[in-house]
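Trainee: What shape does this take:
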Amino acid sequence: MTAAKKRDFPRGGRREHQRARARRTLVVCGGVTEREYFELARAELHASATKVCAVGRDPLGIVRYADKLKSEAERRDEAFAEVWAVTDVDDFKNLAEAQTLARKLGIHLAISNPCFEVWLIDHVCVPGELLGHALMRGEGTRLRACQRQYRTANVAREGKAHPS
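Mentor: Below you'll find the predicted structure:
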């Protein structure tokens, strides 16, 4: 007879299974539209380790706030793998300064030109006329129509309902 094989189980008789920790990402936005978009993307991609917030500041303020959250997370030993600051061009005078600071701090800076809403409409709708920043103030109706079109396309492609 052969001797019973010794197993490498801890005292309780069960193996300890530790799930790999998801990469944490921080996205700090300048406005509500950006936050809503990234929240939707986070839900669609099941990226629960992604934190999204909107601060309503100029580009330099967004980068500084992102750095503050990044530093706080590092002090708690919960560092983010990536940190993003998202801003519009608008009429901000400190965009170049924000780019320099973001680069120095290791923060990715995403800049939409002329504004995020134009990019979003072009992203989800059939390309059409070029919309300037001044026209975007009244484009809420078109944006909602594009969102419905996007959801309808997802249902047709995936065969499932898209959460509202």
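Trainee: can you tell me which strand in the chain is longest?
Mentor: Longest strand in the chain, counting residues (DSSP state E): strand 82-88.
Trainee: That one packs against which elements?
Mentor: When contacts are defined as 3 or more C-beta pairs under 8 Å, 6 or more residues apart in numbering; DSSP states H and E, strand 82-88 sits against strand 25-29, helix 59-75, helix 95-105, strand 108-112. In this view, the C-beta of every residue, glycine as well, is placed from N, C-alpha and C.
Trainee: Quick one: residues in contact with the last one.
Mentor: For strand 108-112, the surrounding residues in contact (C-beta atoms under 8 Å, 6 or more residues apart in numbering) are 34, 59, 63, 82-89, 95, 98-99, 102-103, 118-119.
Trainee: low pLDDT regions in the protein?
Mentor: 1-21, 114, 119-164 (pLDDT under 70).
Trainee: measure the closest residue to Leu105 other than its chain neighbours to Val55 for me?
Mentor: Leaving aside its chain neighbours, Leu105 sits nearest to Asp67 (5.0 Å; criterion: C-beta to C-beta, 6 or more residues apart in numbering). Distance from Asp67 to Val55, counting by C-beta to C-beta, to the nearest Å: 12 Å.
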